[in-house]
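In: Based on what follows, work out the 3D shape:
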Amino acid sequence: MDYQFTTSTDFVLNTELNKGETVLEPHNDVLAHMENALNFMHTAKRLQTTGDYKSKDYTIRRAVFHIDNLRDRLNFQAVGELAFSLENIFNYMIQKLGDSWQDNYKHIDEAAQMMYDLKEGWARMPLDLAMEEHTVH
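Out: You can find the predicted model right below:
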């Protein structure tokens with residue numbers, strides 16, 4: 001399926017630009033949530049290896065907060081099938097983080113790898129779109 005988008009905000013997010021706001025501001029907000037989720041996942045893994053389960057549980061909840069924020073911003077009207085796929089990925093990540101109570105950090109690693117891959121793709125998006133806009137067809 002071929003999708004045509006004008007900005008990364010059209011791609012997935014239900015956000016509107018405020019007066020004076022550039023396209024990169026909502027884009028960078030998404031990157032910040034992704035990075036924060038990753039940081040909390042890495043911290044949770046470290047805390048699990050040290051046996052600090054109370055702090056680990058708190059950091060897992062913080063990672064889930066950021067994933068929830070991303071999931072809540074999906075734009076089902078603009079991209080439908082893609083948004084549903086991303087929703088499934090976010091739900092799977094949350095499930096894996098919930099499964100991490102089993103004292104097995106492979107679930108955290110799996111969720112973190114998925115978030116890392118999404119973040120890397122999202123970070124490249126403005127460059128890809130800017131290049132497309134300047135390509136002669």
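In: gap between Tyr92 and Asn28?
Out: Tyr92 is 25 Å from Asn28, where distance means Cβ to Cβ, to the nearest Å. (Each C-beta comes from the backbone N, C-alpha and C, glycine too.)
In: so how far is stretch 49-63 off the chain centroid?
Out: Relative to its chain's centre, stretch 49-63 lies at 20 Å (Cα atoms, centre = their mean, to the nearest Å).
In: That stretch: which residues count as buried?
Out: Lys56, Thr59, Ile60, Arg62, Ala63 (16 or more other Cβ atoms under 10 Å).
In: sorry, back to before: which one's more surrounded, Tyr92 and Asn28?
Out: More crowded of Tyr92 and Asn28, by other Cβ atoms under 10 Å: Asn28, with 16 against 13.
In: Same list (the buried residues of stretch 49-63) but as a markdown table, adding pLDDT, secondary structure and distance to Lys45.
Out: Below are the buried residues of stretch 49-63 laid out as a markdown table (pLDDT from 0 to 100; DSSP: H, G, I helix; E, B strand; the rest coil; distance: Cβ to Cβ, whole Å):
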| residue | pLDDT | secondary structure | distance to Lys45 |
| --- | --- | --- | --- |
| Lys56 | 93 | helix | 8 |
| Thr59 | 96 | helix | 9 |
| Ile60 | 96 | helix | 10 |
| Arg62 | 97 | helix | 13 |
| Ala63 | 97 | helix | 10 |
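In: What is the nearest of the residues you listed to His107?
Out: Ranked by distance to His107 (Cβ to Cβ), the buried residues of stretch 49-63 are led by Ile60 at 9.8 Å.
In: Now do the contacts for Arg62.
Out: Residues near Arg62 by Cβ atoms under 8 Å, 6 or more residues apart in numbering: Asn36, Phe40.
In: Just the closest of the buried residues of stretch 49-63 to Glu35, please.
Out: Ala63 (11.1 Å).
In: mind checking how far that closest one is from Phe40?
Out: Ala63 is 4 Å from Phe40, by Cβ to Cβ.
In: What of Arg62?
Out: On the measure of Cβ to Cβ, Arg62 and Phe40 end up 4 Å apart.
In: Kindly report the same for His107.
Out: Distance check for His107 against Phe40: by Cβ to Cβ, it reads 14 Å.
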